[in-house]
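S.K.: sharing a model prediction with you, sequence too.
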Amino acid sequence: MLSTGGKEVEEAVASIVALLRPAVDRDWADINAGRMDWSCRETAEHVASDLVAYAGQLASRAQSRYVPFDITIDGREGGLDPADNEGILDVITTTGALLTAAIRTAPRDARGFHPYPFRSANREGFAAMGIAEVLLHAHDMAEGLGEPYEAPAHLAEFVLTRIFPTVQPRPDHWQNLLWATGRADLPAHAGLPGRDRLTEWHWTNNLVLDTERLRLEGVTPAAAADLAAGGTGGFDWIEGGPFEGTRDAATMVTKAYEGGVHRPEFGLYVLVRREDDRAVGGMGFHGVPDEEGKAEVGYDLAEAARGNGYATEALRALAKWALARDDVRSLFATVEPHNAPSHGVITRAGFMPVSAELDEKGLQAYELRG
């Protein structure tokens, strides 16, 4: 079963505390955190602030705006002595526990505000962002303190497969995460080329599109791998789901991710009923738009969900979103000649037959232009 991230946040916090505890007698305010402009003390304060901020955003469920949470360890009355490094570790441990609790108690459909890139994140996203802040700034402080540090590989993999969907996986997950966040070069390995240190980078939470009755939830590489292997992908499916087409699409996403060509907006979406948070089907793209701006769509529903108009409702929303983009000029889909329900879905969504003839595979092709 896919982890929602609470255990991993605990492990990440334990790793940074284990790194810093032997250095509590040093003046963190006088030591730069690696190549950063911040001191180790400012960096430790930043880690604690991020952990409590992520906990607060997820707990608030506010998706339209940032709810301010912050920690300042400046020695004011009632605060910590600026020299109390042990106290800072206590604050990091406490704020880590708050994020862990927020993740573990949040319902599966909970989302909170995060500005980049799609204005919200779910509990796995906040877990991954919190873990990333902890591990990466532990690396920065370790550089400044002159101490060795290597994050647990499975924690780096958790981050990469949730919020770095366009970064091609490599055997050394930690080195890959350092490269993905502009902290290291990436050496050549097993036929994969080396890469210079990045000067700009960002993480990407999953995209969610809402309709009247459904949420189209973008599937992360971690969820896609689980679906492809026969799991649930972290979704609560109705009877008979996921159907075979969704698992096939998840396999396509996994292969694209492993090949370094996955683009999450043009991947797989799981259709989730808003009324009960049950997954009813899958929908998405067969890849990025071609040079003419054409993208292929596909969809399926669990048998128990058919006949309710869910596929039509979802396809209209996905098509509207896609055709509003500058890189998409048209959408197309192919349908088996005798699949009357699918012909109904595609035509009700506004697609028109490309021709009266079947294509070379014996399928009816449809197109929708922007």
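M.R.: Yes, it's here. If you're wondering where the values come from, they're calculated on a predicted model, not measured in any experiment.
S.K.: from now on I want contacts and neighbour counts done on CA atoms only, so please keep to that.
M.R.: Fine.
S.K.: tally of neighbours for Asp90?
M.R.: 14 (other CA atoms under 10 Å).
S.K.: confirm it sits in a helix?
M.R.: Yes - under DSSP: H, G, I helix; E, B strand; the rest coil, Asp90 sits within a helix.
S.K.: now the strands for the stretch 51-200 of the chain?
M.R.: Assigned by DSSP state E, counting those that start in this stretch, the stretch 51-200 of the chain shows strands spanning 111-112, 121-122.
S.K.: Leu216 pairs with what?
M.R.: Leu209, Leu271 (DSSP bridges).
S.K.: residues in contact with it?
M.R.: Applying CA atoms under 8 Å, 6 or more residues apart in numbering, we find Leu216 in contact with Val208, Leu209, Asp210, Tyr269, Val270, Leu271, Val272, Ala314.
S.K.: tell me the spacing between it and Arg274.
M.R.: 10 Å (CA to CA, to the nearest Å).
S.K.: what's the closest of the contacts of Leu216 to Gly146?
M.R.: Val208 (42.5 Å; CA to CA).
S.K.: count of neighbours near that closest one?
M.R.: Residues near Val208, counting by other CA under 10 Å: 20.
S.K.: buried deepest among the strands of the stretch 51-200 of the chain, which one?
M.R.: strand 121-122 (a mean of 26; mean count of other CA atoms under 10 Å).
S.K.: tell me what it is packed against?
M.R.: Strand 121-122 is packed against strand 111-112, with contacts defined by 3 or more CA pairs under 8 Å, 6 or more residues apart in numbering; DSSP states H and E.
S.K.: I'd say Arg162 and Val219 touch.
M.R.: No - counting by CA atoms under 8 Å, Arg162 does not reach Val219; the two are 9.2 Å apart.
S.K.: the two: which is more packed in?
M.R.: For Arg162 versus Val219, neighbours defined as other CA under 10 Å are more numerous around Val219 (28 against 23).
S.K.: now that one: how far from Val91?
M.R.: For Val219, the distance to Val91 - CA to CA - is 34 Å.
S.K.: ranges for the helices of the stretch 251-370 of the chain?
M.R.: 310-323, 340-348 (DSSP state H, counting those that start in this stretch).
S.K.: as a markdown table, the ones you listed with distance to Gln364 and mean pLDDT would be great.
M.R.: Shown next, in a markdown table, are those (distance: least, CA to CA, whole Å; pLDDT from 0 to 100):
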| stretch | distance to Gln364 | mean pLDDT |
| --- | --- | --- |
| helix 310-323 | 17 | 98 |
| helix 340-348 | 9 | 94 |
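S.K.: so what's Gly182 closest to, chain neighbours aside?
M.R.: What sits nearest to Gly182 in space, not counting adjacent residues and going by CA to CA, 6 or more residues apart in numbering, is Leu198, at 4.5 Å.
S.K.: contacts only, for that neighbour.
M.R.: The contact partners of Leu198, taken as CA under 8 Å, 6+ apart, are Trp179, Ala180, Thr181, Gly182, Arg183, Ala184, Asp185.
S.K.: what is the burial count for the second one?
M.R.: Using other CA under 10 Å, the number of residues around Ala180 comes to 24.
S.K.: isn't it right up against Val167?
M.R.: Yes - with contact defined as CA under 8 Å, Ala180 counts as touching Val167 (7.0 Å).
S.K.: distance of Val134 relative to Glu10?
M.R.: 10 Å.
S.K.: stretch 228-235: end-to-end distance?
M.R.: By CA to CA, one end of stretch 228-235 lies 13 Å from the other end.
S.K.: buried stuff in it?
M.R.: Neighbour-count burial for stretch 228-235, counted by 16 or more other CA atoms under 10 Å, picks out Ala228, Gly231, Thr232, Gly233, Gly234, Phe235.
S.K.: ok, now stretch 290-301?
M.R.: Lys294, Ala295, Glu296, Val297, Gly298, Tyr299, Asp300, Leu301.
S.K.: could those go into CSV alongside pLDDT?
M.R.: Shown next, in CSV, are the buried residues of stretch 290-301 (pLDDT from 0 to 100):
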residue, pLDDT
Lys294, 97
Ala295, 97
Glu296, 97
Val297, 97
Gly298, 96
Tyr299, 96
Asp300, 94
Leu301, 96
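S.K.: which two among those are spaced furthest apart?
M.R.: Once CA to CA is applied, these give Lys294 and Leu301 as the farthest pair, at 24.0 Å.
S.K.: got a markdown table for the buried residues of stretch 290-301, with distance to Glu239 too?
M.R.: Shown next, in a markdown table, are the buried residues of stretch 290-301 (distance: CA to CA, whole Å):
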| residue | distance to Glu239 |
| --- | --- |
| Lys294 | 34 |
| Ala295 | 31 |
| Glu296 | 28 |
| Val297 | 24 |
| Gly298 | 21 |
| Tyr299 | 18 |
| Asp300 | 14 |
| Leu301 | 11 |
